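Colleague: give me a model of this one.
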Amino acid sequence: RRFFIDHGMGVVIGETAEIGDDCTIYQGVTLGGTSLYKGQKRHPTLGVGVVVSAGAKVLGGFEVGAGARVGSNAVVLKPVPPGATAVGIPARIIMPDAPSTQQGAKQEFSAYGITPNADDPVSLALKSLIDNAARQHDRIEAVLAALDRLGEHLENTPNGRFDASELRKLMK
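Modeller: Residues are numbered from 1 along each chain as shown. You can find the predicted model right below:
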């Protein structure tokens with residue numbers, strides 16, 4: 001019930017796919033199969049209220065849980081827990097920060113499966129690595145300064161100063 005295909009051009013729904021109530025699928029989506037074994041469920045099952053964004057490919061006989069979202073052009077190859085978001089190729093799962101308190105009520109609609117405040121886990125990891133590298137660089141600079149004061153001079157990196165601020169700009 002209330003299943004909506006927005007701009008249905010290029011949508012492929014495999015023969016064993018199951019689609020729950022209140023699901024939205026955008027253009028270019030494939031709910032495809034990966035198993036060649038006869039009698040097995042080859043295509044995905046979408047739970048209630050799932051949004052599958054433009055160009056996404058959901059491939060296999062697993063479940064995309066209720067209220068989950070699949071980001072544009074994601075390639076989902078494994079189950080997506082209820083309320084989670086799948087993004088990337090292959091898809092990475094982003095879990096919500098806190099469980100929803102809106103039992104039964106519709107959550108804020110996100111047309112392309114990603115909310116403005118959802119950070120990509122790879123981006124978060126890179127930011128953390130940049131911050132860690134900046135802290136290590138500062139400590140090495142302090143050690144080199146202490147050695148200089150003791151009369152022992154060591155050459156610093158030939159590439160010049162590490163600039164974490166420039167790397168952080170790339171991550172925005």
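Colleague: quick one: buried residues of stretch 122-135?
Modeller: By 16 or more other Cβ atoms under 10 Å, the buried positions in stretch 122-135 come out as 130, 134. In this view, the C-beta of every residue, glycine as well, is placed from N, C-alpha and C.
Colleague: so where do the helices sit in the chain?
Modeller: 121-149, 164-170 (DSSP state H).
Colleague: next, format these as TSV and append mean pLDDT and distance to Gln27.
Modeller: Shown next, in TSV, are these (pLDDT from 0 to 100; distance: least, Cβ to Cβ, whole Å):
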stretch	mean pLDDT	distance to Gln27
helix 121-149	84	26
helix 164-170	73	31
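Colleague: of all the ones you listed, which one is nearest Ile13?
Modeller: Closest of the helices of the chain to Ile13 is helix 121-149, at 29.0 Å (criterion: Cβ to Cβ).
Colleague: what's near enough to touch the residue lying farthest from the centre of the chain?
Modeller: Distance from the C-alpha centroid of the chain, by Cα atoms, centre = their mean, peaks at Gly151 (51.2 Å). For Gly151, no residue meets the contact criterion (Cβ atoms under 8 Å, 6 or more residues apart in numbering).
Colleague: distance to Ser35 for the helices of the chain - can I get that in TSV?
Modeller: Compiled in TSV, those are given as follows (distance: least, Cβ to Cβ, whole Å):
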stretch	distance to Ser35
helix 121-149	28
helix 164-170	41
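Colleague: closest one to Val87 among the ones you listed?
Modeller: Closest of the helices of the chain to Val87 is helix 121-149, at 8.6 Å (criterion: Cβ to Cβ).
Colleague: domain map for the chain?
Modeller: For the chain, automatic domain parsing gives the domain ranges 1-118, 122-170.
Colleague: winner for burial among those?
Modeller: Of the domains of the chain, the one with the most neighbours on average (mean count of other Cβ atoms under 10 Å) is domain 1-118, at a mean of 17.
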